[in-house]
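**Q** what's the 3D shape of this:
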Amino acid sequence: MKRSNQIWITIICVMLGVVLTAQLRTQAGISQEIPTKRIEEMASLLKQAETERDSLRSEVHKLQAQLNEVMNQEKSVTARIQEELEQARSAAGFTDMTGPGLIITLKDSTRVAQPGQDPNLFLIHDEDLLKLVNELKAAGAEAITVNDQRVVALTEIRCAGPTISVNNTRIGPPYVIQAIGDPGGLESALKMRGGIIETMQFWGIQVQMEKKDSLVLPAYVGSHTFKFARPVDKEGDKQ
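**A** Just a heads-up that it's a prediction; the model follows:
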């Protein structure tokens, strides 16, 4: 082989070696650069996810606080409605009531009617009980019973033959009226001059009054259904 050919072959081999070395170094650099970029990208995504997580967690806390506030408001409204309902039920007579008050016991007169006197004047009538109940109400009685019949807005006290009807229940003497309120004030109102008690005692009707520190009056047990009357709506419907 000629010497010139050997020189060219040597030059070509050297060049190929340089090219191969450069290529290997480039590939090694690329192989090291790819994982680094991926780690940086993953770190960026992780940081973004953590930021979103913190934001969502903060939003959850705010919503939870709002929910708790709404629930507390609902509890407060429910408690207030329940309290108003209990007050309405008490005022309507649908609950047992307890408190200080006065017991009035009435019995027919034992006197014998004299000639010319009406014997009915010596007996207790429905109007006597009605006047007595009205006097107690005017004196501030907050709950009243007549022979354990609770007096409410729809209570009737009327004559029913030889007996008296209260809440469509026939009752007879002795008549026991119980009233919750200021015992002294109730007694004073009934004992006023010219009042119902003085009138009944004039005809010999037996009246006994007893002040009590504690009375328990039963609830009204009758029906309280309205057939014709109904509440007026907010638009003022009065048809």
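**Q** Next, the residue sitting nearest the centre point of the chain: phi, psi?
**A** Central residue check for the chain by C-alpha atoms, centre = their mean: the C-alpha nearest the mean position is that of Q82, 1.5 Å away. Here is the backbone geometry of Q82 (degrees, to the nearest 10): phi -60, psi -40.
**Q** any idea how far G184 is from E127?
**A** Shown here: E127 relative to G184, a distance of 27 Å by C-beta to C-beta, to the nearest Å. From N, CA and C alone the C-beta is placed, and that goes for glycine too.
**Q** State the mean pLDDT of the one helix or strand V70 maps to.
**A** Under the criterion of DSSP states H and E, V70 resides in helix 3-92. Averaged over helix 3-92, pLDDT sits at 71.
**Q** what lines up beside the helix or strand following it in the sheet?
**A** Counting by DSSP H and E, the element after helix 3-92 in chain order, helix or strand, is strand 97-107. Note on strand 97-107: by DSSP bridges, its sheet partners are strand 175-180 (antiparallel), strand 206-217 (antiparallel).
**Q** Run the chain-centre distance for the shortest one.
**A** Taking the mean C-alpha point of strand 175-180 and that of its whole chain, the gap between them comes to 31 Å (C-alpha atoms, centre = their mean, to the nearest Å).
**Q** Using PDB, list the CA coordinates for that strand.
**A** Output in PDB follows, covering the C-alpha atoms of strand 175-180 (Å, rounded to 0.1, in the frame of the first residue of the first chain):
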ATOM      1  CA  TYR A 175    -118.800  23.700  92.500                       C
ATOM      2  CA  VAL A 176    -115.100  24.000  92.900                       C
ATOM      3  CA  ILE A 177    -113.500  26.900  91.000                       C
ATOM      4  CA  GLN A 178    -109.700  27.000  90.900                       C
ATOM      5  CA  ALA A 179    -107.800  30.000  89.600                       C
ATOM      6  CA  ILE A 180    -104.000  30.500  89.200                       C
END
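**Q** tell me which residues of the following helix or strand past that strand are tucked away?
**A** Past strand 175-180, further along toward the C-terminus, the next helix or strand under DSSP H and E is helix 183-190. For helix 183-190, burial by neighbour count (16 or more other C-beta atoms under 10 Å) applies to P183, L186, E187, A189, L190.
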